[in-house]
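Participant: sharing a sequence plus its predicted fold:
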Amino acid sequence: LAQSPGEFWRRWHMSLSTWFRDYVYIPLGGSREGVPIMVRNLIITFFLSGLWHGASWNYVIWGTYHGVLVALWPFLAARVSLLGGAGGATGAAVRIFITFVLMHIGWLMFREHSLAMLAHDLALNPLAASPSEWRIGAAIGIEALIYGLPLFVLLPALQRMGALLEADDRRLTTWRWTLVQ
């Protein structure tokens, strides 16, 4: 249910993310040196995370892709109000959906070991693919519909339940997890 790439990475593989933050991002200067250096540091950190996963171009592209997403999202959010937190429950559902699709595109980069196959998969139109091509390209679109569209219904319900259960945060987390499952 992450609403941005940065939020996704704060939740995903927290031990590895914390290690990269503490031993790469912060020693590079973190965000203390201004925006251009922060962007550089994020991209370098994610680039090295890609190399950590394997010395193959797909991992380097994967890491760089995520570094660019995390670095650029705040700039886009400042210019596109919906990405920046506007729109209430519908806006949150749209941000979750966009983040979901962007993360799946990244997993495609992680999966494919051939740049030609990666380019082929990214170029696939899931609606026009032949049955033999209904692989990962189609899966991204189908998963986005299956998992993304229900969020438009579930998120407002979760927010209403959150207001009711605000006093007991542990129960709220349990309800969210149950509904996501």
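Facilitator: Ah, there it is.
Participant: from here on, contacts and neighbour counts on C-alpha atoms
Facilitator: Will do.
Participant: ranges for the helices of the protein?
Facilitator: 5-11, 14-20, 35-53, 57-79, 88-111, 115-123, 136-143, 149-164, 169-180 (DSSP state H).
Participant: could you export those as TSV, including mean pLDDT and mean neighbour count?
Facilitator: Below are the helices of the chain laid out as TSV (pLDDT from 0 to 100; neighbours: other C-alpha atoms under 10 Å):
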stretch	mean pLDDT	mean neighbour count
helix 5-11	92	16
helix 14-20	91	13
helix 35-53	95	19
helix 57-79	93	19
helix 88-111	87	20
helix 115-123	80	14
helix 136-143	63	17
helix 149-164	66	15
helix 169-180	59	13
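Participant: could you redo those as a markdown table and give each row distance to Pro27?
Facilitator: Output for these, formatted as a markdown table (distance: least, C-alpha to C-alpha, whole Å):
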| stretch | distance to Pro27 |
| --- | --- |
| helix 5-11 | 18 |
| helix 14-20 | 10 |
| helix 35-53 | 9 |
| helix 57-79 | 17 |
| helix 88-111 | 26 |
| helix 115-123 | 32 |
| helix 136-143 | 36 |
| helix 149-164 | 38 |
| helix 169-180 | 34 |
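Participant: quick one, what contacts Gly50?
Facilitator: Tyr59, Val60, Ile61, Trp62, Gly63, Thr64 (C-alpha atoms under 8 Å, 6 or more residues apart in numbering).
Participant: now Phe47
Facilitator: Val60, Ile61, Trp62, Gly63, Thr64, Gly67.
Participant: over to Leu1?
Facilitator: Leu1 neighbours (C-alpha under 8 Å, 6+ apart): Ile96.
Participant: distance of it relative to Val24?
Facilitator: With distances taken as C-alpha to C-alpha, to the nearest Å, Leu1 is found 27 Å from Val24.
Participant: just Arg11 next, same as before
Facilitator: For Arg11, the distance to Val24 - C-alpha to C-alpha - is 18 Å.
Participant: rewinding a little: and of the helices of the chain, who's closest to Gly29?
Facilitator: helix 35-53 (7.3 Å; C-alpha to C-alpha).
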